[in-house]
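Trainee: Give the three-dimensional model of this entry:
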Amino acid sequence: MTSKESSLSVLLSLSLFIFILIILAFIILYLFKNKKSFFYDTKIKEMSRYYFTNKNFISIVKIEEKFYILGISENNINKLDEIEDEHFISKIMEERKVDLSSFLKKKQKFDFIYKKIKTKKYEGNKDENSQ
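Mentor: Numbers count the residues shown, from 1 in each chain. The predicted structure is shown next:
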């Protein structure tokens, strides 16, 4: 084997090794980007968010088969309500399929959630006062 052939062989081996590393890097990035790694827990999914400020927002979260509205601030996470309305859940799932980020950005959708929370709190206070 001449030095030219050995140089070519080393260069070819090095090129193949770099090519394989690049392919592996893309595969790993793809898995983490799509959250399909072995470390990702798929039982909890954030369906949508509505920001009040940078550090305060409400979030609709699916935990296993139940949907919750969470109030999230810098220091706290509060469960505001559980969504049991099948029509509303199907609307969330439909919106998620179309565009995840667009669900709560329209004011009318946020108003629907806010009114539901407000009504529940009012009904809860009414029940406590009547006792």
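Trainee: what's the burial count for K66?
Mentor: Neighbours of K66 under the rule other CB atoms under 10 Å: 11. C-beta: built from backbone N, CA, C; applies to glycine.
Trainee: which residues sit in contact with the residue nearest to it when sequence neighbours are not counted?
Mentor: Spatial nearest neighbour of K66, excluding adjacent residues (CB to CB, 6 or more residues apart in numbering): E82 at 6.3 Å. Going by CB atoms under 8 Å, 6 or more residues apart in numbering, E82 touches K66, F67, Y68, I69.
Trainee: Pretty sure the third one sits against I83.
Mentor: Yes: if you go by CB atoms under 8 Å, Y68 and I83 touch, sitting 6.9 Å apart.
Trainee: Neighbour count: those two, which is higher?
Mentor: Neighbour totals were compared for Y68 and I83, and I83 leads with 18 against 15 (other CB under 10 Å).
Trainee: Over to the more buried one: give its phi and psi.
Mentor: Backbone geometry at I83, expressed as degrees, to the nearest 10, gives phi -90, psi 120.
Trainee: Tell me who's in contact with it.
Mentor: I60, F67, Y68, I69, I89, I92.
Trainee: circling back: ok, now how distant is the residue nearest to K66 from S73?
Mentor: Per CB to CB, to the nearest Å, E82 is found 20 Å from S73.
Trainee: pLDDT weak spots in the chain?
Mentor: For the chain, applying pLDDT under 70 flags the ranges 1, 34-42, 96-111, 120-131.
Trainee: Fine, thanks again, bye for now.
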